[in-house]
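> Starting from these lines, generate the structure:
(2 chains)
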Amino acid sequence: MDHAEAHELIADIALEPARLEALATASDQVSIAIRGHLETCEACRDELAALVASNRKVRLATGLDADDQGGRVADLAAESGPIAVPSGLKASILSRIGDEPSATLAEVARDHGRPAPPTDSRPPATTGRRPFGLARFVVAAAVVVVVAVGVAFGVGARGMASALDTARAGSAHLEAVAAALDRILSTPDHHSVVLFAADGTPGGTVSWSEADVVVLASSLPPPGPDRLYRCWIEQEGVRTPIGTMSVVDGTASWAAPLSRYGGALRSGNRLGVSLVSTDGKGDPQPVLVADL
Amino acid sequence: MASRIANRDEAALGVVYDRYAGALFGSVVRFLGDREAAADVVQETFLTLWLRADTFDPAQGTLIGWLLTVSRNKATDRWRAAARRPIVESIAADGDSAGIDDWDRVATVARSIGDPDPVDDPDRAAALRWARAVVRTALATMSEAERTVLELAYDDGLAQSEIAVRLGWPLGTVKSRTRRAMATLRGMLESVPDLHDGVTAGRSPMGDTRHV
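Have a look, this model is predicted:
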């Protein structure tokens, strides 16, 4: 069986979930021939694996996978009426992408002593790189993310963005933080969790991907002499310090490679910020906490 | 289309919105149960697309799969935050661990709809809840004919030829409708993590196949 023939047969079998599931063990000639082809064709193996995975997700979603006593596609379909998208959502999105990022990028360029890019500037098609440099872009991206997360929770967003905006000028530290945040953003499966103060007020964010973790907070007062803000992770009731935040013009931030902390950033653990004494005396005071 | 968006083409973003906003919003509403929060998530998702469209690789999956993955992560973070916020307040107030009243509430709801207990396995619970939301949304966006062939294929285990006989449709029609319905399902299901891989899968649904 050649690749084209196998590919065509797999496409047909994919239309029949029961047959797809049975392909690995079925004794008919076609199934045996396909299995023979799979032994030498990585592309077909990958294709088949994706089809089987998708098939199983449908079964899990309907509850068919657990014990064959669950629901059916028909049951899900019956309870799945249309849901209308809010009428103003598109306009809101286009407004935000039309105004906010452009303004921020212009400010970034201005802050770094370069002319702002024209609003209709386009990156070179061959590279996709912005014409005004990665560092400036990532700071802008960081601002947008901080705003987005803050707005999502309704409190402190504009203040947070403003603080970050002000603080970024001349701050290598903050640019490094922004660069880490940009790397986080570049993965679609990144996470952002809000840090809450004791009164329930959102006061910052923890963002992470597979490679980086960033903690940002704009609500914290100056730590004062001989004190600093320390980030920690709590696992099974045990808190482990992971880093000290730098405070630049009212914005406290900390960034690090995630690899240092293994699997600590996972559900069930907590990440917090405490105000601690530099001499180690006295009880640390948790000021922000996030459940991961 | 993604490359046009990466080049700051607002019209292209509008086209993508028109094509996929319904699937995104429907999935997130069904996951969160909150239209306002879902609108926020969809808005953040399109902002992410606007900023990060250059990271989308069509060789690694579909655009709707990419968008739904972004939405799923944002929605899951909100879902967890909403469930745990009172606990965080308690922790911050007294510096000690608190009870799990809110997780109990979430667990009760989850069990009532057949989800796994989020206290025992919150990542898997969230992933299954998302899978259910996505499949329901996909079904809602299909034609009646597409839903019918899917139901017969999945629920009754019928072959394409048997479906053709059952419905009195030409075999080619059955195949084309099934193919279209399954393409819709599979594209959207790219956003569902591998549910056989516990915590890691819940955290990084596409880490093995899509480095962007």
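> switch to C-alpha atoms for all contacts and neighbour counts from now on
Will do.
> In three-state terms, how would residue A:195 be classified?
Here residue A:195 is strand, with the state taken from DSSP: H, G, I helix; E, B strand; the rest coil.
> how deep is it tucked in, by neighbour count?
29 (other C-alpha atoms under 10 Å in any protein chain shown).
> now the strands for the stretch 151-292 of chain A?
All strands of the stretch 151-292 of chain A, identified by DSSP state E, counting those that start in this stretch, fall at A:191-196, A:202-208, A:212-217, A:227-235, A:238-244, A:246-248, A:251-257, A:270-277, A:285-291.
> Would you tell me whether the last one gets close to chain B?
It stands for strand A:285-291. Yes: contact of strand A:285-291 with chain B (C-alpha under 8 Å from any C-alpha of the partner chain) involves A:286-291.
> Give me the distance between residue A:233 and residue A:239.
According to C-alpha to C-alpha, to the nearest Å, residue A:233 stands 5 Å off from residue A:239.
> same check, this time on residue B:182
Separation of residue B:182 from residue A:239 (C-alpha to C-alpha): 47 Å.
> Tell me which of those two has more neighbours.
Each of residue B:182 and residue A:239 has its neighbours counted (other C-alpha under 10 Å); residue B:182 has more, 22 against 15.
> Check which residues of the helix or strand hosting that one are buried.
Element membership for residue B:182, per DSSP states H and E: helix B:171-189. Within helix B:171-189, the residues that count as buried by 16 or more other C-alpha atoms under 10 Å in any protein chain shown are B:171, B:174-175, B:177-179, B:181-182, B:184-189.
> give me the number of residues near residue A:196?
Neighbours of residue A:196 (other C-alpha under 10 Å): 23.
> Tell me what it is bridged to.
For residue A:196, the beta-bridge partners are residue A:202, residue A:289 (DSSP bridges).
> per-residue pLDDT, it?
pLDDT for residue A:196: 87.
> how about the spatially most central residue of chain B, what does it touch?
Nearest to the mean C-alpha position of chain B, by C-alpha atoms, centre = their mean, lies residue B:134 at 4.2 Å. By C-alpha atoms under 8 Å, 6 or more residues apart in numbering or on different chains, residue B:134 lies in contact with B:23, B:26-27, B:188-189.
> cool, and residue A:97?
Neighbour list for residue A:97: B:47, B:50 [criterion: C-alpha under 8 Å, 6+ apart].
> re the thing from before, for the record, mean pLDDT for the helix holding residue B:182?
Mean pLDDT, helix B:171-189: 91.
> I'd like to know which elements that helix is packed against.
helix A:42-62, helix B:63-94, helix B:122-141, helix B:144-154, helix B:160-167 (3 or more C-alpha pairs under 8 Å, 6 or more residues apart in numbering or on different chains; DSSP states H and E).
> now, of those, which is deepest in the fold?
Burial of these is given as mean neighbour count (mean count of other C-alpha atoms under 10 Å in any protein chain shown); helix B:122-141 ranks first at a mean of 25.
> how distant is it from the center of its chain?
From the chain centre to the centre of helix B:122-141 is a distance of 5 Å (C-alpha atoms, centre = their mean, to the nearest Å).
> what angle sits between that helix and helix A:42-62?
Counting by axes from the mean of the first three to the mean of the last three C-alpha atoms, to 10 degrees, helix B:122-141 lies at 90 degrees to helix A:42-62.
> For helix B:122-141, list the C-alpha coordinates in PDB.
Output in PDB follows, covering the C-alpha atoms of helix B:122-141 (Å, rounded to 0.1, in the frame of the first residue of the first chain):
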ATOM      1  CA  PRO B 122      -8.700  20.900  39.000                       C
ATOM      2  CA  ASP B 123      -6.600  20.800  35.800                       C
ATOM      3  CA  ARG B 124      -8.500  17.800  34.500                       C
ATOM      4  CA  ALA B 125     -11.800  19.300  35.600                       C
ATOM      5  CA  ALA B 126     -11.100  22.500  33.800                       C
ATOM      6  CA  ALA B 127     -10.000  20.600  30.600                       C
ATOM      7  CA  LEU B 128     -13.100  18.400  30.600                       C
ATOM      8  CA  ARG B 129     -15.300  21.400  31.200                       C
ATOM      9  CA  TRP B 130     -13.600  23.200  28.300                       C
ATOM     10  CA  ALA B 131     -14.000  20.100  26.100                       C
ATOM     11  CA  ARG B 132     -17.700  19.900  26.800                       C
ATOM     12  CA  ALA B 133     -18.100  23.700  26.100                       C
ATOM     13  CA  VAL B 134     -16.200  23.400  22.800                       C
ATOM     14  CA  VAL B 135     -18.100  20.400  21.500                       C
ATOM     15  CA  ARG B 136     -21.400  21.900  22.500                       C
ATOM     16  CA  THR B 137     -20.400  25.100  20.700                       C
ATOM     17  CA  ALA B 138     -19.300  23.200  17.600                       C
ATOM     18  CA  LEU B 139     -22.600  21.300  17.500                       C
ATOM     19  CA  ALA B 140     -24.500  24.600  17.800                       C
ATOM     20  CA  THR B 141     -22.700  26.100  14.800                       C
END
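> what angle do that helix and helix B:171-189 make?
140 degrees.
> what's the angle from helix B:122-141 to helix B:144-154?
Counting by the same axes, to 10 degrees, helix B:122-141 points 130 degrees away from the direction of helix B:144-154.
> show me the contacts for residue A:180.
By C-alpha under 8 Å, 6+ apart, the residues touching residue A:180 are A:212-214, A:255-256.
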